[in-house]
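[1] curious how this folds, go ahead:
(chains A, B, C and D)
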Protein chains: 4
Amino acid sequence: MLIVMDKNASAADVKNVVKKIESMGLRAVPMPGAQRTAVCVLGNKGPLDASLFNVMRGVKEAIPVSKPYKMVSRESKDGPSRVRVGKELIGGGGMAMIAGPCAVESEEQCLKIAQSVKKSGARFFRGGAYKPRTSPYAFQGLGEPGLKILAKVRERFGLYIVTEAIDHEILATVAGYADVVQIGARNMQNYSLLRAAGKCGRPVLLKRGMSATIEEWLMAAEYVMSEGNPDVILCERGVRTFADHSRNTLDLSAVLVVKQLSHLPVIVDPSHAAGRRDLVIPLAKAAIAVGADGLMIEVHNQPEKALSDGAQSLRLHEFKELACQVRRMSQAAKQSK
Amino acid sequence: MLIVMDKNASAADVKNVVKKIESMGLRAVPMPGAQRTAVCVLGNKGPLDASLFNVMRGVKEAIPVSKPYKMVSRESKDGPSRVRVGKELIGGGGMAMIAGPCAVESEEQCLKIAQSVKKSGARFFRGGAYKPRTSPYAFQGLGEPGLKILAKVRERFGLYIVTEAIDHEILATVAGYADVVQIGARNMQNYSLLRAAGKCGRPVLLKRGMSATIEEWLMAAEYVMSEGNPDVILCERGVRTFADHSRNTLDLSAVLVVKQLSHLPVIVDPSHAAGRRDLVIPLAKAAIAVGADGLMIEVHNQPEKALSDGAQSLRLHEFKELACQVRRMSQAAKQSK
Amino acid sequence: MLIVMDKNASAADVKNVVKKIESMGLRAVPMPGAQRTAVCVLGNKGPLDASLFNVMRGVKEAIPVSKPYKMVSRESKDGPSRVRVGKELIGGGGMAMIAGPCAVESEEQCLKIAQSVKKSGARFFRGGAYKPRTSPYAFQGLGEPGLKILAKVRERFGLYIVTEAIDHEILATVAGYADVVQIGARNMQNYSLLRAAGKCGRPVLLKRGMSATIEEWLMAAEYVMSEGNPDVILCERGVRTFADHSRNTLDLSAVLVVKQLSHLPVIVDPSHAAGRRDLVIPLAKAAIAVGADGLMIEVHNQPEKALSDGAQSLRLHEFKELACQVRRMSQAAKQSK
Amino acid sequence: MLIVMDKNASAADVKNVVKKIESMGLRAVPMPGAQRTAVCVLGNKGPLDASLFNVMRGVKEAIPVSKPYKMVSRESKDGPSRVRVGKELIGGGGMAMIAGPCAVESEEQCLKIAQSVKKSGARFFRGGAYKPRTSPYAFQGLGEPGLKILAKVRERFGLYIVTEAIDHEILATVAGYADVVQIGARNMQNYSLLRAAGKCGRPVLLKRGMSATIEEWLMAAEYVMSEGNPDVILCERGVRTFADHSRNTLDLSAVLVVKQLSHLPVIVDPSHAAGRRDLVIPLAKAAIAVGADGLMIEVHNQPEKALSDGAQSLRLHEFKELACQVRRMSQAAKQSK
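    Numbering: from 1, shown residues only, chains lettered A, B, ... in the order given. Presented below is the predicted three-dimensional model:
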């Protein structure tokens, strides 16, 4: 159940509702919105009696939630969420540009790429220090030394760091260096990791699982939010289908549908969707066209020597060109409003 | 094998090559390009000896074709093909706008929609007189009276008519009224129909099958071309996947990959891909962003009363808005070149 | 709507019901069952008033049909259908064994294979005289001379002939030679062909489309039945998925679900599902284990020289072994009842 | 690289090879087989020179491994592996029967089910104490008290316990109670968990991921084995496809192909594949028909009251019937050899 408060409800009114819920042995999570607050009721096994809340002061409406998710739902929040990362906002109109190599390979590599993507207009730097690899014999990432390199990138260029945590043990370490903690596609239903991410104190970038439905994806976000972390950014990265001309099939309709069902920002990763460099720029532009809140792009100074995913990484000048086209599209979109 | 002629090869040179091929018991199909002609060799069971042709006058190169398709291939033609329909060209830079109802229901309906989409900027009118329906008990289309209504639309508004032929028996009738003959997704591997379409004397719009690979789709186009019809327009309309939030999953990477492999124009049908009205405009914009050569959009004056596919049809004013946005995007794209 | 007649209803009662239906401008199709007759009402746009029929003599019940299919439905017929082909019955307990090459290549080839599979226990011979091929340049079958070879096989060995019709034009010719007319997976939604098959006077073997849902498959069968042909045999042959270790993914649960929803017999083609010889025998046994009514197996005397699908064809002795195992499984299943 | 030792190679020969490998900064893992030992070389970035090993005493052959997996591969071991669990063996000919509820709900429930399935012939008891659930608000399992109940089941009925570990933190606890530790489909690419499972000292049952290819699945097993745990049992449980008549599409060809590529035993879980009770028994029989090494079946004394997955759980008498049929099929298969 979702208790939607009046625009003019006081803090005391909200507190009363929370108390009432807790007195029933349930959990209450207030979610302040731009115009009004909603209070999520968690933990009820069966349906609740709406009239218990409808009569309370400051309550506009008690809504039995039919969808299995609550806190991620549009019903629980009016308008899109904006996730703050330092001075940047993701969601609600902007176009967040996240760029960098698949894996952190060396300080020299990262500084070179960072300098270039910063100049091209990126505000976020991506790079994996811990890499989930299909093979136990493949390069698994530099680990904490890789995180230290990322910290240097932030220090030197002022770029915010987006990097993946591959299990809940490593999560605290990663959160100590990262500005945004990424949960990868393979871990989208790793519920221990999701719960830990809900308590890590950092915004979470949650990739869609390889064959996840919209509902499963939103439920994964609900795991993070239900632990108290409101700052979830969703990331579409293609799904697995019979098609073999690209690594995955980018599902742009998912961006649209998720934005109808949820208030959370949604960005797109065309690099992993395509798996080949030549498709990345046009798919990135398509993502902007459907209204994605940002892009996550793999960029490498020497793709042919990359330790992982070189074939899909843009070269530095290609990213510059992409960033330039993105700016133009965004401006054109604004002017036409 | 593909015999690529010299830029300066004479008509007699080409003729000689054709004769040589025919003398070996094979078929030769000359394909004139902007700068040079290529001659496709059809019917060989095993590999041919390139040196037989390389020594002939006017021959630049004899290329053993590794791909199973030949005439649709980029190898056989330099630069993108443009398909002429009356005064319009599809492919090679423009943005063909095809709009109209799923099914022709009545003269009044068609004239109303046609008037509106014409004013909004469409140059092509779509509408099915023969409808392939999952159920034998569903509305199957008006048949030839429907085609007559379409002819009236062309006469009255100067819109070119795109309409589907559902079997090779009806094809001649359809071709008698249509400017472009459509082959539907369910018929993409109906080879009798494809062969007949190759001889129908009209440009053919070939939809991608529900779960067709790129290669199967191009091979279907090869069927049409190998019967002598060079005017094939491909249409991506989404593929079937596990995802259930849209009717099909629009595969925009297919547009990009097909344009690399083939010279044929590729348009996008976001209406059938989405299956729901609210996704059509943003997916259409995404299609333009990846460089589609046109859009095919279902439009209805009263979607809630449509005899088929009403849920995915744009209203007249919605199409107007889409057409307006498309124009703006196309202009912006041109200016930025 | 479905009008279920009383066990003791007379022919005159049935006739009256038919007349009543026709007087409303609708079509009536009586379907005699083992114990009672049901009359399908076709052509109604909206719901009908059941009470109009419930009061008539001999009517047990008028059932509004919620499923989109009627005549194929379990609701319209008590117990499984048996399709008679000469002296053989398919469905309702037996295990029909259909074997032969993918394509008819020569008289010698067919007679050799036929002699062997007959001896191994097959009662039906398969072989394509018209082959739907992805490439226009691939072997398309021998055509009518191939049909004549098949006729010779029947004459010589008493095997019933199962062969494919690839379009409605050729259907009459094929039906002139075949005992069972096959509709291939690519043509499962070729509605003109389905309608023609409904009037061809031969039992129809209808393969499941590459990515067809159960409902689409049953609706395709409904097309055939609604034209008056009650003798439809369904054939599961694998569906297209992301999996690449077999050509298609054999969906045995489909056999079970179809048998719940429909009275029609369902057989399985493990050869096309697997696409590789080494999987055919175990998948065939799995098909028997779920209760399939028959098997369709590709067999070739020289698979390495086959003009199509050699890689998935069993050798003569392999088929003998399969047939032997099948017999043993069937006997064991009967004894354990 | 894989160093295959001579049949007559001594322990000292093997030791020498291991030393040689380690002297190159690489890891060596000896794998004793029935007739000979193979030594896996792990950690090499590029190709190794086979001649370095071919000259050593007791070495039969040094094989550069083309597949990305080594230890799970048929190349590394002659004949199928048998995983010992107490007095039982899984793999290599038997038919392991694992039965029990989806989730451990109460002691009473478990004892009741255990008593019944034991009597019907099961030797293993399944039941989740930690449940990975799509919703954070759904029943997540009893946790360690649930494990204690499972221990009681073992003590009382002598059934071996198969239960899931959902993260590497809980793994040690689970391994303290379980005879076989299960890794669920959602965690198939949770590499931290796989590595931990490789060190847990218990056999591991590894379910195939929802949309995992054969190679990804075997690579996941390789993660477990490469940490020193040779006792991996693979479990096919259906994959996600467009088909919606069963929860997943059971891919029995995967069982066959995995058994060709790997020496590991493969069992089948028809309950999760089907998602509906009425399909479980026939699909289980199909699994036996293709040669699966065991079955994992959900059984509940009151499915309609189950806290999770009741719709797919067999009733006690249904399981008895299944077990009876399985025995008969196994015997028939043995007699026919």
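
[2] helices of the stretch 51-200 of chain A, residue ranges please.
    Applying DSSP state H, counting those that start in this stretch to the stretch 51-200 of chain A gives helices spanning A:51-54, A:107-120, A:144-157, A:168-177, A:191-198.

[3] among those helices, which is nearest chain B?
    Nearest to chain B among these is helix A:107-120; the distance by C-beta to the nearest C-beta comes to 16.4 Å. C-beta here means a position set from N, CA and C on the backbone, and glycine is covered the same way.

[4] for the closest one, name the packing helices and strands.
    Packed against helix A:107-120 by the contact rule (3 or more C-beta pairs under 8 Å, 6 or more residues apart in numbering or on different chains; DSSP states H and E) you find strand A:96-100, strand A:124-126, helix A:144-157, helix A:316-335.

[5] show me how far the helix or strand bottoming out on mean pLDDT in chain A is from its chain's centre.
    Least confident helix or strand, chain A: strand A:27-32 with a mean of 79, by mean pLDDT, DSSP states H and E. From the chain centre to the centre of strand A:27-32 is a distance of 21 Å (C-alpha atoms, centre = their mean, to the nearest Å).

[6] what are the pairing partners of the helix or strand following that strand, and which direction each?
    For strand A:27-32, the following helix or strand on the C-terminal side (DSSP states H and E) is strand A:37-42. Note on strand A:37-42: by DSSP bridges, its sheet partners are strand A:2-5 (antiparallel), strand A:27-32 (antiparallel).

[7] tabulate these in CSV, adding columns for distance to residue A:249.
    CSV is the format used below for the strands paired with strand A:37-42 (distance: least, C-beta to C-beta, whole Å):
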stretch, distance to residue A:249
strand A:2-5, 34
strand A:27-32, 34
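
[8] circling back to that earlier point, which one of the helices and strands packed on helix A:107-120 lies nearest to residue C:8?
    Residue C:8 sits nearest to helix A:316-335 of all the helices and strands packed on helix A:107-120, at 73.7 Å, using C-beta to C-beta.

[9] quick check: angle from the closest one to helix B:316-335?
    140 degrees (axes from the mean of the first three to the mean of the last three C-alpha atoms, to 10 degrees).

[10] and the angle from helix A:316-335 to helix A:107-120?
    Using the same axes, to 10 degrees: helix A:316-335 against helix A:107-120 is 30 degrees.

[11] rounded mean pLDDT for helix A:316-335, please.
    Averaged over helix A:316-335, pLDDT sits at 88.

[12] again, but for stretch A:191-200
    Taken as a whole, stretch A:191-200 has an average pLDDT of 95.

[13] ok, now stretch A:296-304?
    On average, stretch A:296-304 scores 94.

[14] any buried residues in it, and which?
    A:296-301, A:303 (16 or more other C-beta atoms under 10 Å in any protein chain shown).

[15] need the contact list for the closest residue to residue A:215 other than its chain neighbours.
    Nearest residue to residue A:215, sequence neighbours excluded (C-beta to C-beta, 6 or more residues apart in numbering or on different chains): residue A:68, at 6.8 Å. Listed by C-beta atoms under 8 Å, 6 or more residues apart in numbering or on different chains, the contact partners of residue A:68 are A:215, A:219, D:134-135, D:137.

[16] just among those, which is most surrounded?
    Ranked by the number of neighbours (other C-beta atoms under 10 Å in any protein chain shown), these place residue A:219 first, at 26 neighbours.

[17] rewinding a little: let's have the helices and strands packed on helix A:107-120 in a markdown table, adding distance to chain B and mean neighbour count.
    Shown next, in a markdown table, are those (distance: least, C-beta to the nearest C-beta, whole Å; neighbours: other C-beta atoms under 10 Å in any protein chain shown):
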| stretch | distance to chain B | mean neighbour count |
| --- | --- | --- |
| strand A:96-100 | 16 | 27 |
| strand A:124-126 | 21 | 27 |
| helix A:144-157 | 28 | 18 |
| helix A:316-335 | 5 | 17 |
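
[18] nearest to chain C, out of those?
    So among those, strand A:124-126 is nearest, using C-beta to the nearest C-beta, at 26.7 Å.

[19] paired strands for that closest one, with orientation please.
    Going by DSSP bridges, the partners of strand A:124-126 are strand A:96-100 (parallel), strand A:160-164 (parallel).

[20] secondary structure class for the spatially most central residue of chain A?
    For chain A, the residue nearest the mean C-alpha position is residue A:233 (2.1 Å; C-alpha atoms, centre = their mean). The local conformation at residue A:233, judged by DSSP: H, G, I helix; E, B strand; the rest coil, is strand.

[21] am I right that it is in contact with residue A:202?
    No. The criterion here is C-beta atoms under 8 Å, and residue A:233 misses it with residue A:202 at 11.0 Å.

[22] which residues are common contacts for the two?
    residue A:180.

[23] what does the stretch 201-337 of chain A put close to chain B?
    A:211, A:213-214, A:239, A:241-246, A:249-254, A:256-257, A:260, A:273-274, A:278-279, A:282-283, A:285-291, A:325, A:328-329, A:332, A:336 (C-beta under 8 Å from any C-beta of the partner chain).

[24] which one in chain A is furthest away from the centre?
    Chain A, farthest from centre, C-alpha atoms, centre = their mean: residue A:55 at 37.4 Å.

[25] tell me the contacts of the residue in the stretch 51-200 of chain A positioned nearest to chain B?
    Here the stretch 51-200 of chain A gets closest to chain B at one residue, residue A:67, 13.0 Å apart by C-beta to the nearest C-beta. By C-beta under 8 Å, 6+ apart, residue A:67 lies in contact with A:73, A:75, A:261.

[26] reformat the residues you listed as JSON lines; add pLDDT.
    Formatted as JSON lines, these follow (pLDDT from 0 to 100):
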{"residue": "A:73", "pLDDT": "91"}
{"residue": "A:75", "pLDDT": "82"}
{"residue": "A:261", "pLDDT": "95"}
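
[27] highest neighbour count among the residues you listed?
    Counting neighbours by other C-beta under 10 Å, residue A:73 comes out on top of the contacts of residue A:67 with 22 neighbours.

[28] so that one touches residue A:261, yeah?
    Yes. The pair residue A:73 and residue A:261 qualifies as a contact (C-beta under 8 Å) at a distance of 6.6 Å.

[29] what's the overlap in contacts for those two?
    With contacts taken as C-beta under 8 Å, 6+ apart, the residues that reach both residue A:73 and residue A:261 are A:67, A:218.

[30] mind checking which of the strands paired with strand A:124-126 is nearest residue B:15?
    Per C-beta to C-beta, nearest to residue B:15 of those: strand A:96-100, 55.9 Å.

[31] what residues does that closest one touch?
    With contact meaning C-beta under 8 Å, 6+ apart, strand A:96-100 is reached by A:88, A:90, A:110, A:113-114, A:117, A:120-127, A:162, A:265, A:267, A:293-299, A:319, A:323, A:326.

[32] next: stretch A:129-138.
    For stretch A:129-138, contacts defined as C-beta under 8 Å, 6+ apart pick out A:102-104, A:139-147, A:149-150, A:163-166, A:170, A:174, A:184, A:186-187, A:308, D:42-43, D:68-69, D:189, D:191, D:195, D:215-216, D:219, D:222-223, D:226.

[33] show me where pLDDT drops low in chain A?
    For chain A, the stretches flagged by pLDDT under 70 are A:33-34, A:45, A:65-66, A:334-337.

[34] against residue A:94, how distant is residue A:78?
    19 Å (C-beta to C-beta, to the nearest Å).

[35] measure residue A:175 to chain C for me?
    Computed as C-beta to the nearest C-beta, to the nearest Å, the residue A:175 to chain C distance reads 34 Å.

[36] please name the nearest non-neighbouring residue to that residue.
    Closest residue to residue A:175 apart from its sequence neighbours, by C-beta to C-beta, 6+ apart: residue A:200 at 4.3 Å.
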